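Participant: quick one, what's the 3D model for this:
(one chain, ligands or ions: 2)
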Amino acid sequence: MIVVLKQGANEQQIENLTRWFRAKGVEPDISQGTDVTIMGLVGDVSKIDTELIEALDIVQSVKRVSEPFKQANRKFHPDDTVITLANGTKIGGGNFVYMAGPCSVESEEQIIYCAQRVKAAGAQVLRGGAFKPRTSPYSFQGMGEDGIKLLLEAKKETGLPIVTELMAVRHLDMFADVDIIQVGARNMQNFDLLKELGHCNKPILLKRGLANTIQEWLMSAEYIMAGGNHNVILCERGIRTFETYTRNTLDLSAVPAVHELSHLPIIVDPSHATGLSRMVPTMAMGAAAVGADGLMIEVHNDPPRAKCDGAQSITPDQFDQLTAGVNSLLAAMKG
Ligand code: PEP
Ligand code: MN
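Facilitator: Numbering: from 1, shown residues only. Ligands and ions are numbered 1, 2, ... in the order given. Okay, here's the model as predicted:
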């Protein structure tokens, strides 16, 4: 349920109404937008008498929210959510972000070189997997804790914040200095993991599941937000369809759909979506054109020898070209 307040509502009146809702057992989430102040109510709202609230001096209207996602819903929070990292990098609300780096961390030399190159091309965040969710148990599983240590070295060297995937709650302590925790496609509905991340204060990059609807994806974001962590970034990374020419099918329509339904930032990963490095720059342009808040791109120093996802990884030189192209498109779109 959302309660839209009249423009003149003062702090004392809002405070009184908040206390009244709390006494009824619901916690109001207050969103002070540019034009309007909204109180979003989550919990059991069946005991709330809507007519009584509508009659209050400071209330303009009361609406029931039919979608099952509440805190992730744009009706709760009309303005875009903007997430600010420790170094000041902003994600969402018109700030375009590049997260780039290798699929997995392989050595100190490799990750530092990739970090320097993606930074020089304009990336604001370094990606790199330390714990890898591989289809085969015989494939390279990532460097684990050593991989995290190398990412932190690269962060120290370049100043770039880092994003890396958490696969199990028991590893969370190793992520203390990680800037953004990635939840991979295969874990999008690992509800225990999501609940735990709801209690941490770090931004979460939530990838769309391999075969999940937009509503299921937003419900997973809701799990994190319900625990108190509102810093969720969505990442469209392609979904399973009957098509096999590309690794997945990039659902670009998810970008405007998420912008309609939610206030959370959404970025696009054309690397996992296509599985083909030659298609990555084109689909990156497509993502920027449909209004994505950023890109996640796999960049490797030597793709043919990559331990993971070499076929979809672009080189640092190709990444230079990609960011130049996308930046000119973004500039042209701003007019
Ligand atoms: C990755 O980012 O390397 C990864 C494994 O992504 P996804 O979970 O989207 O497959
Ligand atoms: Mn990968």
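
Participant: next, work out how far apart Ala221 and ligand 2 are.
Facilitator: Distance from Ala221 to ligand 2, counting by C-beta to the ion, to the nearest Å: 22 Å. Yep, even glycine has a C-beta here, placed from its N, CA and C like the rest.

Participant: got the domain boundaries for this protein?
Facilitator: 2-63, 83-334 (automatic domain parsing).

Participant: deepest-packed of the ones you listed, please.
Facilitator: Looking across these with neighbours counted as mean count of other C-beta atoms under 10 Å, the highest average goes to domain 83-334: a mean of 19.

Participant: before we move on, the earlier item: among the domains of the chain, which is nearest ligand 1?
Facilitator: domain 83-334 (3.1 Å; C-beta to the nearest ligand atom).

Participant: ok, and the closest non-adjacent residue to the closest residue to ligand 2 within the chain?
Facilitator: Closest to ligand 2 within the chain is Cys103: 3.3 Å, counting by C-beta to the ion. Leaving out its chain neighbours, the residue that sits closest to Cys103 by C-beta to C-beta, 6 or more residues apart in numbering is Asp309, at 3.8 Å.

Participant: residue ranges with poor pLDDT in the stretch 101-250 of the chain?
Facilitator: In the prediction, the stretch 101-250 of the chain carries no residues with pLDDT under 70.

Participant: what does it have sitting close to ligand 1?
Facilitator: Cys103, Gly129, Pro133, Gly184, Ala185, Arg186, Lys207, Arg237 (C-beta under 6 Å from any ligand atom).

Participant: pretty sure the third one contacts Gly184?
Facilitator: Right, Pro133. Yes. Counting by C-beta atoms under 8 Å, Pro133 touches Gly184, with 5.2 Å between them.

Participant: between those two, what contacts are shared?
Facilitator: Contact with both Pro133 and Gly184 is made by residues Glu165, Met167, according to C-beta atoms under 8 Å, 6 or more residues apart in numbering.

Participant: residues of this protein that sit close to ligand 2?
Facilitator: Cys103, Asp309 (C-beta under 5 Å from the ion).

Participant: residue boundaries of the strands in the chain?
Facilitator: 2-5, 27-32, 37-42, 59-63, 83-84, 90-91, 97-101, 125-127, 162-165, 180-183, 204-207, 232-236, 266-268, 294-298 (DSSP state E).

Participant: which strands or helices does the fourth one pack on?
Facilitator: If contacts are counted by 3 or more C-beta pairs under 8 Å, 6 or more residues apart in numbering; DSSP states H and E, strand 59-63 sits against strand 2-5, helix 50-54.

Participant: how about these in CSV, adding mean pLDDT and distance to ligand 1?
Facilitator: Formatted as CSV, the helices and strands packed on strand 59-63 follow (pLDDT from 0 to 100; distance: least, C-beta to the nearest ligand atom, whole Å):
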stretch, mean pLDDT, distance to ligand 1
strand 2-5, 95, 33
helix 50-54, 92, 42
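
Participant: picking that back up, which residues are in contact with the residue nearest to Cys103?
Facilitator: Cys103, Ser104, Ser271, His272, Glu298.

Participant: shouldn't the first one be in contact with His300?
Facilitator: Which is Cys103. Yes. Using C-beta under 8 Å, Cys103 makes contact with His300 at a distance of 7.2 Å.

Participant: shared neighbours, the two?
Facilitator: With C-beta under 8 Å, 6+ apart as the test, Cys103 and His300 both reach Ala306, Ser313.

Participant: tell me, what residue is most central in this structure?
Facilitator: Ile233 (1.6 Å; C-alpha atoms, centre = their mean).
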